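Novice: Predicted structure and sequence below. I'll ask about it afterward.
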Amino acid sequence: MSSGKGSFKVNPTAKFTVLDPASSKVNHVESAAAAVSTADHKTRLTKSTGKLVDESAQGRIGAPFTVTKDPAFLKDRMAVFEAAAAKQQERHAAKPRVPITITLPDGSVREGISWQTTPMDIATAISKQLAKQIIVSEVTYSSKIEDDEANVASADGLELEGETGDSSAELWDMLRPLIGDCKLRLLKWEDKEAQAVFWHSSAHCLGHAMECRYGCHLTHGPPIEQGFFYDCYMGDNVVSDKDLPDLDKHVTAQCKQKQTFDRLVLSKEEALEMFKYNPFKAQYIQTRIPEGGCTTVYKNGEFIDLCRGPHVPYSTMIQAFAATRNSSTNWLGKTDNDTLQRIYGVSFPDKKELKKWQDFQEQAKKRDHRRVGQQQELFFFHPLSPGSAFFLPHGTRIYNRLMDFIRGEYRRRGYEEVTSPNIFNMELWNISGHALHYKDNMFRFDVEGQEYGMKPMNCPGHCLMFAHRLRSYRELPIRMADFGVLHRNEISGALTGLTRVRRFCQDDAHIFCREDQITAEVLGSLDFMKTVYDIFGMTYKLELSTKPAKALGDDSLWAAAEASLAAALDEFAGKGNWRENPGDGAFYGPKIDIKVFDAMERVHQCATVQLDFQLPIRFDLSYRGDAREEGADGDVAKPAVANTINRPVMVHRAMLGSLERMIAVLTEHYGGRWPFWLSPRQAMVVPVGQAFIPYACKVRDRLHAAGFHIDVDDSSKTLNKKVREAETAHYNYVLVVGAAEQETDEANVREAGNKAVQPRNMKVEEVIEMMRSLTEQKS
């Protein structure tokens with residue numbers, strides 16, 4: 001351990017590689033991925049944690065701390081576990097053993113015994129080799145026999161963020177007996193849910209090592225994007241980079257012991273007794289478990305922790321483990337609370353996978369958008385305006401080029417660009433309903449005794465623009481686009497390069513249309529998306545997120561909307577080429593999630609298409625109909641009373657998302673080697689000697705006048721060094737000029753970084769035409 005500053009390291013858990021000092025503070029709330037629940041299992045494994053415990057659970061509650069190896073609380077905790085486990089064994093022994101049917105995905109049916117047959121039994125009966133590969137099962141019960149866990153609450157510090165799905169499937173430990181007739185899926189490493197379970201189990205192994213090494217008080221240890229972390233309290237002591245290899249050795253030795261992960265249900269009183277040494281766990285228990293309620297813990301070896309589970313069947317499945325970095329954070333993400341130490345890790349079922357991951361991290365480190373941004377002088381941040389990027393001239397060239405690209409598509413596709421205010425009276429957000437969800441994330445201030453706020457999104461303002469005069473059905477669809485600047489009051493610990501900022505700009509648009517126009521407008525948006533990401537050289541996959549458990553609007557309206565989106569997806573991608581994501585829609589309407597893959601096969605969600613029925617209702621938006629409304633194809637669709645007032649449907653859509661985040665994505669996708677049309681450094685003119693600097697400047701000026709980003713290297717360096725430095729700086733072309741070129745009004749054109757293309761002399765006008773062609777083709 002040490003209190004010194006660490007070296008820069010790659011953050012292995014971020015969607016974007018980020019450089020963080022080894023002891024830098026990160027926010028406890030925003031960094032966590034969700035863990036596992038029953039109907040919430042899938043959501044908890046793939047979404048961020050959100051708030052962890054009750055807001056009242058705050059303040060400095062950690063006592064003075066001394067590092068102690070193999071602390072006494074390990075034995076005390078085990079004694080409570082063993083006593084409670086004996087009681088549970090008696091309860092389970094009394095459960096009825098009756099025949100149950102277990103249906104597999106292929107439709108085959110296996111027979112079992114309730115409270116006795118486990119998913120591992122089923123997997124082993126199919127194939128012993130298969131059983132060795134299964135990490136966790138997914139169970140959907142049609143009936144349960146004496147399920148006595150209705151009052152079990154999660155006290156592991158993890159809480160869902162956003163709406164949960166309505167699926168009845170739940171992830172289930174492989175060694176936990178089945179308790180009724182059910183459908184059973186066996187999940188391997190290739191399944192995303194299984195990976196999260198694997199990493200959650202690995203976090204428990206890391207937690208055990210941390211307790212044995214420091215005697216620390218653990219708080220929170222979830223799986224995240226690619227790996228896991230564990231937070232702990234250890235007073236003023238700080239984890240050092242030098243500690244990580246020892247933790248690796250401890251976990252590796254522990255995993256070889258073939259420990260099982262044993263699940264135990266505890267009463268609130270038993271849980272408080274078990275974790276009485278740890279004020280942070282006690283806080284979780286007090287605030288999350290109601291009086292008379294129960295919770296669950298898991299034990300592997302000597303380690304016991306509050307946890308909803310599930311886990312891998314045996315620790316020997318964890319064949320490769322690495323503690324990757326450390327940082328500090330605060331209890332509940334509040335800077336006034338106790339400081340915690342956080343240790344990140346990653347693990348795999350195969351050592352080759354770990355090596356592959358390590359190689360990937362090295363490549364990702366080179367592409368990190370903040371590193372490239374600094375090297376290429378694209379942008380920077382300043383503590384006097386945290387979370388707000390300062391785009392330098394070269395970065396602004398990329399920024400503007402992206403906006404021009406989208407604007408060109410807007411003109412081609414019938415969008416009208418608007419400009420809306422940045423500041424609104426808070427009454428706007430009360431009407432829209434956003435105040436309920438976003439008020440704490442807004443910058444708010446007093447103006448003449450009334451509360452105002454800077455807009456965090458454009459849609460309510462666009463509703464005012466639609467409503468400012470009476471609309472006719474003949475005007476629809478209205479496609480309203482806005483590059484408005486948005487502000488969100490993100491907490492400082494969550495700010496990360498261009499990917500998590502306070503000030504940003506979206507290529508935001510809202511389409512107001514009739515119900516019979518939904519499919520056509522969604523298809524148009526999907527075609528727009530395809531055009532954009534084909535040009536970027538990025539592949540994508542499509543998901544239809546349907547009605548969540550908590551949703552506004554009647555079922556028939558939702559069914560019609562989902563059918564419209566499904567029809568559009570079938571027409572656009574073809575049946576079977578998109579998947580449904582049940583229960584993951586927004587509360588106001590279903591949506592199409594578009595997940596794009598960069599050059600390193602990382603997934604990013606930038607573009608989106610969402611239907612919204614609620615904002616038109618909240619703002620009382622309407623348009624005047626006709627005696628008969630026309631369908632999207634011009635045919636008469638349905639009768640309507642003359643001059644009726646009808647409610648439009650609103651389609652939210654963005655292609656890039658925020659420009660800041662998209663620049664981060666593209667920087668890492670291209671690795672700083674920008675395609676010509678987007679490049680901030682398109683050509684460097686290199687004179688072969690000082691005598692030809694005037695001609696080099698004339699060439700630059702002509703190309704600049706034609707609209708290109710051109711520089712001249714007028715230094716006294718050798719020709720070879722000038723060319724080499726231009727290529728290192730990622731200029732797309734190097735134009736060498738000397739006596740022969742000056743005589744013929746030419747330049748010797750070299751495509752930087754492409755040795756397969758031989759340098760060739762071209763007239764300056766030919767160079768201009770070539771560059772225009774590359775720009776038009778987005779090459």
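Specialist: Perfect, I can see it now.

Novice: which non-adjacent residue is nearest Phe504?
Specialist: Excluding the flanking residues, the one nearest Phe504 by CB to CB, 6 or more residues apart in numbering is Ser658, at 4.2 Å. Using the backbone N, CA and C atoms, a C-beta is placed for each residue, glycine as well.

Novice: tell me the secondary structure for Leu175?
Specialist: Assigned with DSSP: H, G, I helix; E, B strand; the rest coil, Leu175 falls in the coil class.

Novice: I figured it was touching Thr260, is that so?
Specialist: Yes - using CB atoms under 8 Å as the test, Leu175 is close enough to Thr260 to be in contact (6.4 Å).

Novice: Backbone dihedrals for the residue nearest to Phe504, both of them.
Specialist: Here is the backbone geometry of Ser658 (degrees, to the nearest 10): phi -80, psi 140.

Novice: Tell me who's in contact with Gln319.
Specialist: Cys255, Phe348, Pro349, Asp350, Lys351 (CB atoms under 8 Å, 6 or more residues apart in numbering).

Novice: make it 10 Å
Specialist: Thr252, Cys255, Lys256, Ser347, Phe348, Pro349, Asp350, Lys351, Lys352, Glu353, Leu354 (CB atoms under 10 Å, 6 or more residues apart in numbering).

Novice: what's near enough to touch the spatially closest residue to the third one that is not a sequence neighbour?
Specialist: Ranked by CB to CB, 6+ apart and with sequence neighbours excluded, the top spatial neighbour of Lys256 is Thr316, at 6.6 Å. For Thr316, the residues meeting the contact criterion (CB under 10 Å, 6+ apart) are Lys132, Cys255, Lys256, Gln257, Lys258, Gln259, Pro349.

Novice: if you set the cut-off to 8 Å instead, what comes out?
Specialist: Cys255, Lys256, Gln257, Lys258.

Novice: what are the phi and psi angles of the third one?
Specialist: It stands for Gln257. Residue torsions, per degrees, to the nearest 10, at Gln257 are phi -80, psi 0.

Novice: Now for Phe275: which residues touch it?
Specialist: Counted by CB under 8 Å, 6+ apart, Phe275 has contacts Arg77, Lys281, Ala282, Ile285, Leu306.

Novice: Sort out which of those are in strands and list them.
Specialist: Residues from the contacts of Phe275 lying in strands, with DSSP state E as the criterion: Leu306.

Novice: Which ones among the contacts of Gln319 map onto helices?
Specialist: Judged by DSSP state H, the contacts of Gln319 include Thr252, Cys255, Lys351, Lys352, Glu353, Leu354 as members of helices.

Novice: you'd agree Asn646 is up against Phe512?
Specialist: No - with contact defined as CB under 8 Å, Asn646 does not reach Phe512; the gap is 11.3 Å.

Novice: Neighbour count for these two, which is higher?
Specialist: More crowded of Asn646 and Phe512, by other CB atoms under 10 Å: Phe512, with 26 against 18.

Novice: The more buried one belongs to a helix?
Specialist: No - counting by three-state DSSP, Phe512 is not found in a helix; it is strand.

Novice: was I right about it contacting Tyr473?
Specialist: No - using CB under 8 Å, Phe512 is not in contact with Tyr473, being 11.1 Å away.

Novice: Quickly list what's touching both of those two.
Specialist: In contact with both Phe512 and Tyr473: Tyr623, using CB under 8 Å, 6+ apart.

Novice: Can you name the residues that contact Ile398?
Specialist: Contacts for Ile398 (CB under 8 Å, 6+ apart) come out as Leu378, Ile663, Leu666, Trp674, Leu678, Pro680.

Novice: does it belong to a helix or a strand, and which?
Specialist: Here Ile398 sits within helix 393-413, counting by DSSP states H and E.

Novice: now for the helix or strand just after that helix, which elements pack on it?
Specialist: Proceeding N to C from helix 393-413, the next assigned helix or strand is strand 416-417, under DSSP H and E. For strand 416-417, the packing partners by 3 or more CB pairs under 8 Å, 6 or more residues apart in numbering; DSSP states H and E come out as helix 393-413, strand 478-482.

Novice: Quick one: neighbours of Val723, just the number.
Specialist: 20.

Novice: any idea of the pLDDT on it?
Specialist: Looking at Val723, its pLDDT is 95.

Novice: I'd like to know the beta-bridge partner residues of the closest residue to it other than its chain neighbours.
Specialist: Residue nearest to Val723 in three dimensions, not counting chain neighbours: Val734, with 5.3 Å by CB to CB, 6+ apart. For Val734, the beta-bridge partners are Met684, Arg750 (DSSP bridges).
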